[in-house]
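**Student:** build the 3D model from these lines:
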Amino acid sequence: MILKAEKISKEFPRQMKNANRFTAVQETDFRLNPGELVIIMGRSGSGKSTLLNMFAGLLQPTAGKIFLDDKSLYDLEDQELSKLRNQHIGMIPQGQTALYSLTMLENICLPYTLYGEEPHEADACALLDRLEISHLRNAMPSELSGGELRRMAIARAMMKKPGILLADEPTSDLDDETTKIVFSFLKESAHNGTAVLIVTHENDAKNYADRSFRMNAGMLCQD
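**Tutor:** Okay, here's the model as predicted:
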């Protein structure tokens, strides 16, 4: 699948006498192709996460359009957009997003159970093996480390084999060894045909990228 943005921007209102609008993302064109891993780097507050959330169908642009293949995301009704996102976009958000009443395996299967579908536990177990956490499949989130929770979120994002994978700081709280496991997995996913976009502070991410961009004050520029 191809993710394409045409002249998108994002502004937020704020209550100030001389500045009632804040531009988080300046006008941007972007294209993410199948089989490539792209990274966006930049300081905190530069607009990276805002841009990623627009690509994910979670935050409507102030102007411009975002397409998943031939579908304009924000022209869809909410339910249709939610279903499309569930089927085709894997999202790895910042922070911990586990449901603490569910086991690791149950958390990973959520993309199926949210829509009343039968989860493919064999696929979940294969992801757990690849991310080296299969021994924790029945553990509760309260028993897991930050790195283990992050890998659980990555497995959940990949559970439905999405065409698009969007990752917001996927290695921000990981040690060096686990960071290599995660980046290797994301690169392998791209090699298998997924279009992967990563927002990160990690300079080592460039070693895995097909293209890299830098964001500063809401402006996206290719390195």
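
**Student:** hey, where'd the strands end up in this structure?
**Tutor:** 3-13, 21-32, 37-41, 63-68, 71-72, 89-92, 164-168, 195-200, 211-216, 219-222 (DSSP state E).

**Student:** what is the last one packed up against?
**Tutor:** The helices and strands touching strand 219-222, judged by 3 or more Cβ pairs under 8 Å, 6 or more residues apart in numbering; DSSP states H and E, are strand 21-32, strand 211-216. C-beta coordinates here come from the backbone N, C-alpha and C atoms, glycine included.

**Student:** with mean neighbour count, mean pLDDT and distance to Asp176 added, can I get the ones you listed in CSV?
**Tutor:** Below are the helices and strands packed on strand 219-222 laid out as CSV (neighbours: other Cβ atoms under 10 Å; pLDDT from 0 to 100; distance: least, Cβ to Cβ, whole Å):
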stretch, mean neighbour count, mean pLDDT, distance to Asp176
strand 21-32, 17, 93, 27
strand 211-216, 17, 95, 20
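
**Student:** circling back to that earlier point, for Arg156, find the nearest of the strands of the chain.
**Tutor:** strand 89-92 (8.1 Å; Cβ to Cβ).

**Student:** adding distance to Thr113, write the strands of the chain out as TSV.
**Tutor:** Output for the strands of the chain, formatted as TSV (distance: least, Cβ to Cβ, whole Å):
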stretch	distance to Thr113
strand 3-13	26
strand 21-32	28
strand 37-41	29
strand 63-68	23
strand 71-72	25
strand 89-92	16
strand 164-168	20
strand 195-200	25
strand 211-216	35
strand 219-222	36
